[in-house]
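Novice: test case, fold it:
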Amino acid sequence: MIERMVTIYLAGVLLSIIPLHVAFAQAEGDSSESDSIATVATPIDEDIERRIQRIYSEVGALSAVEVTVREGVVFLSGSVSNEKTAERATGLAERVQGVVTVDDGIERSLDIQGNVIPLIEQFKADLARWAKALPLVILALAVFLLIAFVGHRFAKWTSLWRRVSPNPFLGDLFAQAVRVAAIVIGLIFALNLLGATALIGTILGGAGVVGLAIGFAVRDSLENYISSIMLSLRQPFRANDHVVIGEHEGKVVRLTSRATVLMTLDGNHLRIPNSQVFKAVILNYSSNPERRFEFELGVDADDDPVVAMKIGLEALCQLPFVLEDPEPNAIISAVGDSSIIISFMAWVDQRESDFIKSRSLAIPATKTVLEEQGFTLPEPIYRLRFDPQQLQQATSVDNKVPQKAGSRDSDSATETKPTLRKTEDIEATMDVSPDLYIEEKVNQERAMNTESDLLDNDKPVE
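Specialist: So this is what the prediction gives:
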């Protein structure tokens, strides 16, 4: 986008060179007439009058202007076609040596002939100058296009830029810089051929102003562009890495020149602008295959928490997916009113065991072993206060209600709940192998999509 803006600007400048050059030439011609026009060594009124009248007679548009001079004051009368011609007559009279001031008494007739014919003559003269300068303009334009074309072909030399910069994004950036530089060089050569070298400084100054305006207009895009360069150099993650970027979590699909593409854990695509990724806190779960999970269990306040910790750690060590090094650990995290909270921590290898599945199996395994060893996992305790009269009435009513055989209360006492008492049984309920479905989806997406990827496996992750 920026390259297109620069190209359009430079092309517009090149097409406007000729009229600007002509305008500068006319301005130089007008400035050369700013010197005073001498008459004789000691001019008198008659000499000044004759000198001005002869000048006006040589200019067809001023031939009808009459001149009178008294004490160095020039009085002009007569008629001219328009205001511009009258100002020209006044300017010529003021430049004659010895003139004190000029009194403009010229009448502006504003006739059609006097205004249209000079315009037509000027247009014919401009066409003649354009026709005369046309070969030079064509040559300058050809030089500009030739240099720009050579730069464009050189910028498309992909293998060269890949050798200069292994990062494809930086290689494209170098190619774009060469293309823009070729356009600027071609413009300078074209201006030199046209003899408009004085305009180069003006054009460069205008380019700076335009560049500043474009920078303010697209500063968000520029920030995103620069962030893409920095991310391609830093390589903060790899494809298929499980990351958390700010508030977003998922597996990395690719890093493009505009955004980082993630696939969320529920299979949706998520694009995050690189400017946000560069400034965000990135948590990479895949950089280290070993990951620790943690959970809490409470035991009764009358139980020995140290023994509970020992039994719980032995249960964790029996689980095949729990790593021996680093070994599991347990700490007392809090002491409540009626319970002691113990935090159990263990490590798994994410390449062989799924983190979520492993944690969900470790919790019931530890809980079951503690219950088998006689530890009570405390339940919430509520204190209820009753009015004595209401409590007596409720007791008498309960005594009058006969208990039926097979009632719910009696059944609940003898009801056996289905539980898994052995660690081997718990292991068999769920496979803890890593879930590769999202990873396969990411690989399919990377294989099908031809969008350029700035992630480079040959570079270290920072």
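
Novice: quick one: residue 174 and residue 161 touch, right?
Specialist: Yes - the pair residue 174 / residue 161 is scored as a contact, 5.4 Å apart, by Cβ atoms under 8 Å. All C-beta atoms are positioned from the backbone trio N, CA, C, and that covers glycine.

Novice: how about the strands in the chain?
Specialist: Remark: strands assigned in the chain by DSSP state E are 65-70, 73-80, 101-104, 107-108, 242-245, 248-255, 259-263, 269-273, 282-284, 290-300, 329-335, 339-349.

Novice: compare residue 174 and residue 161 and say which is more crowded by neighbours.
Specialist: Each of residue 174 and residue 161 has its neighbours counted (other Cβ atoms under 10 Å); residue 161 has more, 21 against 14.

Novice: next, count neighbours for the closest residue to that one other than its chain neighbours.
Specialist: In space, and not counting its chain neighbours, residue 161 is closest to residue 171: 3.6 Å by Cβ to Cβ, 6 or more residues apart in numbering. Applying other Cβ under 10 Å, we find 18 residues neighbouring residue 171.

Novice: contacts only, for the residue lying closest to residue 326 once chain neighbours are set aside.
Specialist: Distances taken as Cβ to Cβ, 6+ apart put residue 347 closest to residue 326, at 5.2 Å, once the chain neighbours are dropped. Listed by Cβ atoms under 8 Å, 6 or more residues apart in numbering, the contact set of residue 347 reads 290-293, 322-323, 326, 328.

Novice: return the residues in contact with the residue lying closest to residue 329 once chain neighbours are set aside.
Specialist: The shortest distance from residue 329 to any non-neighbouring residue, by Cβ to Cβ, 6+ apart, is to residue 345 (4.8 Å). By Cβ under 8 Å, 6+ apart, the residues touching residue 345 are 292-294, 328-331.

Novice: got the angle for the lengthiest helix in the chain vs strand 73-80?
Specialist: Longest helix in the chain, counting residues (DSSP state H): helix 112-155. Using axes from the mean of the first three to the mean of the last three Cα atoms, to 10 degrees, the inter-axis angle of helix 112-155 relative to strand 73-80 is 90 degrees.

Novice: how about the residue positioned nearest the centre of the chain, what does it touch?
Specialist: Among the residues of the chain, the one closest to the centroid is residue 224, at 2.1 Å (Cα atoms, centre = their mean). Listed by Cβ under 8 Å, 6+ apart, the contact partners of residue 224 are 258, 273-275.

Novice: that one and residue 275: what is the separation?
Specialist: 4 Å (Cβ to Cβ, to the nearest Å).

Novice: now do residue 205 against residue 211, distance only.
Specialist: Distance of residue 205 to residue 211, computed by Cβ to Cβ: 11 Å.

Novice: higher neighbour count, the two?
Specialist: Neighbour comparison, residue 205 and residue 211: the larger count goes to residue 211, with 14 against 10 (by other Cβ under 10 Å).

Novice: give me the pLDDT for that one.
Specialist: For residue 211, the pLDDT comes out at 70.

Novice: same check on the one 10 residues further on?
Specialist: Per-residue confidence for residue 221 comes out at a pLDDT of 77.

Novice: what's the neighbour count on it?
Specialist: Neighbour number of residue 221 under other Cβ under 10 Å is 16.

Novice: circling back to that earlier point, taking the contacts of residue 345, please make a PyMOL selection of just the buried ones.
Specialist: PyMOL command restricting the contacts of residue 345 to the buried ones, with burial defined by 16 or more other Cβ atoms under 10 Å:
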select buried, resi 293+328+330
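
Novice: farthest-apart pair in the contacts of residue 345, please.
Specialist: Farthest apart among these by Cβ to Cβ are 293 and 331. That separation is 14.6 Å.
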